[in-house]
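Undergrad: Sequence and computational prediction follow.
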Amino acid sequence: MTPASTGPARARARRAPWRVVRAGHAFTAGYVILLAAFGVVPVVYGIYFAFTNADNYFAGLSNFTAAARDFRYLPSLEHIGIYLAIWLAALVVLVTALALVLHQLPVWRLSGLVRFVYYIPGALAGVASVMVWLFMLDPTVSPAASFLHLLGYNTFGQVIAPGHLSILFAMIAFWTGAGGWIVVMYGALNNIPLDVMEAARIDGAGAWRIARYIQIPMLRKWIVYMVILAFAAGAQLFVEPQLVSEASLGVAGRDYSPNQLAYDFAFQNNNVNVAAAISVELLVVCLVVAGVFVARSRFFDAN
Amino acid sequence: MALGIRAARARSRLRTSSTRAVFAVGAVALAVTVAACGNGGSSGSGSASGAGAKDGFTQAAQTSGPLTVWVDSTRVPAAQAYQKAHPDVKLNIVTYDGDANGSNTLQTKVSLYDRTGSGWPDVVFSAENNEIAWAQPAGFTAPLNKGLIPDSVLNNFSSGALAPCMVDGTVYCLRNDLAPTMLWYNAPLMKQWGYQVPTTWPQYQQLGEEVAKQHPGYIVGAAGDTFTPEIFMWASQCQANGITGIRSVTVNVTTSECQRMGSLLDTLLADKSMSKLSAFSSAFDKQEKGKVLMLPGPVWFAGSVFDSASGLNTPKGQMAAAPMPQWPGTTPPSTGNVGGGLWLLSAHSAHLAAAVNFIEWVTTNNAYQADLAPGLPAYAPAASAWLANQQKSGYFANNIVPVVQQVAGQVWQGWGYGKFSQEAIWASTMTPGITAGKAIVSMLPSWQTAITNYATAAGYQVSH
C-alpha cells in the first residue's frame, strides 16, 4: 500500500459522509424552519408576554398570580386532570389491546381493512370530527338515539350534563386520535423479530403469554412516546369543549379547560399577558411530564 | 431485511429528536432577541395618513372599494335588500353568528384586528345589546350623533330604543329592533278549553297547574333558553343586572322579586307544563309542535318561533298576543326584553359615506324594516308600518298592534347592558341544574356568585 493510493481513497471516504450529511440537512431544513416559525418563535413570544404587562414592562409573576386568582382557574385544572386521567388510561389500555388483536388477525386483507377503518376518524380534520359527535350526542338526531334513550337521556341537555363532560371529551378524543396510534403500534409489533416470537412459541407460550412477556415489554418505548404526545395534546384541550359550548349555546363546556380560559383572557378581557401566563404553565407541565417519562423509561437508550 | 430498515429508521428518529432539542435551545435564544427587538416598534396600530378628527372621532383615510358588512343569517335579507336598492354599491356580505348567546365572536375578531391594525368590517350587526360596553372603550364604534347621522333621523327612534347605544350622551350604534317580552297564546285553544288569558303571574301559575292536570303534554312556557332570565326574571324586576355605571353593577338575586318568579318556574317545571327545552332546539320543535298553549317571549317569537318553517310552523289564525302578566301591586307594569339587535359602524372604516348610508338605510327604510324584518323596528315610523303589515298578514288571532305598543313602553329599566353576558352566565350556571330537575330557588345563591365572579373578571365593581 503506497501513500499515493491512500490519499484519494481517504478523500473519497471523507466526501461520501459529507454528501449524506448535506442531504440530511436538506431534508431536515424544512422541518426546522417550520419548527422555528410555528413552534419556537410563538413559544418565546408567549414567554415574553407572560412576564410583561400591557405596557411591555417586566411584570414578574403578576400574570401568573392573576390567572391563579381567577375563579375559573382551579376548576379548569380539575377538569383537565380528570379528562387526562380517563383519556390516557383508555389510550394506553385500548390502543395496546387493539393493536395486539389486530396483529393476531390471520388474514392480511382483513387486517388492512381494519387498520383503514381505525384510521379514518383520525383523517378527518379535528373540528369536523367533533361536529360528528355533536350529532351523535343529540338524541333528536343521533343514529345512536335508541342507545341514548336506553340510558335515560332524551335531550341534548341531559347528555351534556356537567358530570358527563370529562368522559364525553375523552370519548371524542379517543375516537379521533386512537386510530393513528393503533396503526403505529401495529407497525411496532411488526418490528419485533420473528425468531423471538418463534422461540417463545416453541417454549409453549400462547398468544396471551407472548403479549404479556414479549410484545408489551418491547412496545414500551412506543407506549411512552404515545403517552408523552397524548399528554401534550390532551393538556391543550380546546376544540371539543369550545364546540360543545357553541352547540349547547353556552350550557356546557364554557371555561372548561385551561386553554379556553387563556382564550377568554385574551379575547374577552383583552388581557394577552395573563393568557400567555396560562399557556406557559401548560408548556412547563408538559415538558416536566415528558421529562419524567423519558427519564423513567430510559427512552433514549439505544438498547 | 425489512425489519432491519425499520429498526434503523426508528433509531435515527430518536437521534434526530435529541439533536432537535439542542437546536431548539439555540433557536430559542435567537428568537428571544428577535422578539425583544421586534416588540418595541410594533405598538400602536398605524392610522392612515391624511386622517383627521371629524364628526367626533379620528377618521381613517377614505378610499374606494367594497363595503364589508357582517350580519347574522337572519339579517342577510337586510343586506340583500340594500344591495337591491343600491345596485352600484359593491357589498361584501359576511355571515357570522351575530354574537348571539354571548358567543363573543365580534369582540374576539376585533381584538385580533386591533393587533394587526387592519381587517375591521365597516358595518356590523350584533344580536347582543350589550355590545357597546366593550366596543366603545375599545374604540371600535364610531359616534353617530356628532355629524355622521342627523338628529332628525336619530330622534325618530322609539323612546329608549337607543339606550343600549348611549355612552355619556353619545350614540354609538343604531338599534335594529325592539324586543319587549309579551304573552303569546293559542287563542282558539284557550277559548275551546274555557281559559281566561292571565293578567297576573299568580293567575298564570294557576292556569299552568290546571293545564298540567287537565291537558298533560301542553305547555304554558319554556325555561330552557339562554335568555330565560330576560323573559321571566327581568319582567319580575329581579336585580341581576343593575348596571349603575360604566364599570359598576348591583347584583342581588336572592330578593323576593327573584324568589317569587323562581318558585313560579319551579312549580310549573315540576308540573311539566313549563318546558325545560330551548324554544330554538330541534327537540322543542319535535315535542311541542301544536302543544303550545302559552309562551311568554319577545315580540320576535312571532316570526322566529311560530310563523317559521324551521320553528313550530304554527298555522294562521291561532297565535294571539297579550301584555305580560304582572305581579299584583307592581306599578308601573313591567316586562323584560330579549335582545333587539344593534348596528355598529366601525370607527376604522375607510368607506364612511357608504357605511353611513348603509346603516341608516337598514334601520329606517321600510323596504327592509317594514316589509322584511322579523322583529319590531326600533325606528318609530318603520315600526308603525311593520305593525300594520303584521296585522294585514292575517296571521294573528287578535290585533297585536296595541299590545306591542303597550309592552314596548313597559320594559323595566333596572336591567342594564353590561360587558359580561347574562345569557352566558345563566346558561352555564342555571340551565344544567334546571335540566337535572334542581329547583331554581335553591340555585339563586349560585347564580348570584356566578354573576359576581363574571362581572368582577370583566372589571366591574360589584355591590350587593
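TA: Noted; the coordinates are in hand. Numbers count the residues shown, from 1 in each chain, chains lettered A, B, ... in the order given.

Undergrad: Tell me how many other residues surround A:Ala295.
TA: Neighbourhood size, A:Ala295 [other Cβ atoms under 10 Å in any protein chain shown]: 10. Where C-beta positions appear, they are placed from N, C-alpha and C, glycine not excepted.

Undergrad: now for the strand or helix carrying it, which elements pack on it?
TA: Under the criterion DSSP states H and E, the helix or strand holding A:Ala295 is helix A:272-296. When contacts are defined as 3 or more Cβ pairs under 8 Å, 6 or more residues apart in numbering or on different chains; DSSP states H and E, helix A:272-296 packs onto helix A:41-50, helix A:62-69, helix A:216-235, helix A:258-267.

Undergrad: Can you say which of those helices is packed in most?
TA: Among the helices and strands packed on helix A:272-296, the stretch with the highest mean neighbour count (mean count of other Cβ atoms under 10 Å in any protein chain shown) is helix A:258-267, at a mean of 22.

Undergrad: any chance of the helices and strands packed on helix A:272-296 in JSON lines, plus mean pLDDT and distance to chain B?
TA: Rendered in JSON lines, the data for the helices and strands packed on helix A:272-296 read as follows (pLDDT from 0 to 100; distance: least, Cβ to the nearest Cβ, whole Å):
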{"stretch": "helix A:41-50", "mean pLDDT": "94", "distance to chain B": "4"}
{"stretch": "helix A:62-69", "mean pLDDT": "93", "distance to chain B": "10"}
{"stretch": "helix A:216-235", "mean pLDDT": "90", "distance to chain B": "9"}
{"stretch": "helix A:258-267", "mean pLDDT": "92", "distance to chain B": "4"}
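
Undergrad: Make JSON lines out of those helices and add distance to B:Phe227.
TA: Shown next, in JSON lines, are the helices and strands packed on helix A:272-296 (distance: least, Cβ to Cβ, whole Å):
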{"stretch": "helix A:41-50", "distance to B:Phe227": "36"}
{"stretch": "helix A:62-69", "distance to B:Phe227": "31"}
{"stretch": "helix A:216-235", "distance to B:Phe227": "34"}
{"stretch": "helix A:258-267", "distance to B:Phe227": "21"}
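
Undergrad: Now residue 253, what are its backbone angles?
TA: No chain in the question, so chain A it is. phi 90, psi 0 (degrees, to the nearest 10).

Undergrad: How much space separates it from chain B?
TA: 9 Å (Cβ to the nearest Cβ, to the nearest Å).

Undergrad: wait, isn't that residue in contact with A:Pro241?
TA: Yes - counting by Cβ atoms under 8 Å, A:Gly253 does reach A:Pro241; the two are 3.8 Å apart.

Undergrad: any shared contact partners between these two?
TA: With contacts taken as Cβ atoms under 8 Å, 6 or more residues apart in numbering or on different chains, A:Gly253 and A:Pro241 have A:Leu165 as neighbours in common.

Undergrad: Break chain B down into its domains, please.
TA: B:56-178+B:339-387, B:181-335+B:420-463 (automatic domain parsing).

Undergrad: Tell me which residues of stretch A:84-92 come out buried.
TA: A:Leu84, A:Ile86, A:Trp87, A:Leu88, A:Ala90, A:Leu91, A:Val92 (16 or more other Cβ atoms under 10 Å in any protein chain shown).

Undergrad: ok, so what distance separates the second one from chain B?
TA: Going back to what we said before, that points to A:Ile86. 20 Å.

Undergrad: Which of the helices or strands spans that residue?
TA: helix A:73-104.

Undergrad: Can you tell me what sits against the helix holding A:Ala295?
TA: Contacts of helix A:272-296 (Cβ under 8 Å, 6+ apart): A:43, A:46-50, A:52-54, A:59, A:63-64, A:66-67, A:70, A:224, A:227-228, A:231-232, A:235-236, A:258-259, A:261-263, A:265-266, A:299-300.

Undergrad: and that helix, average pLDDT?
TA: Helix A:272-296 shows a mean pLDDT of 93.

Undergrad: Give me the distance from that helix to the chain's centre.
TA: 14 Å (Cα atoms, centre = their mean, to the nearest Å).
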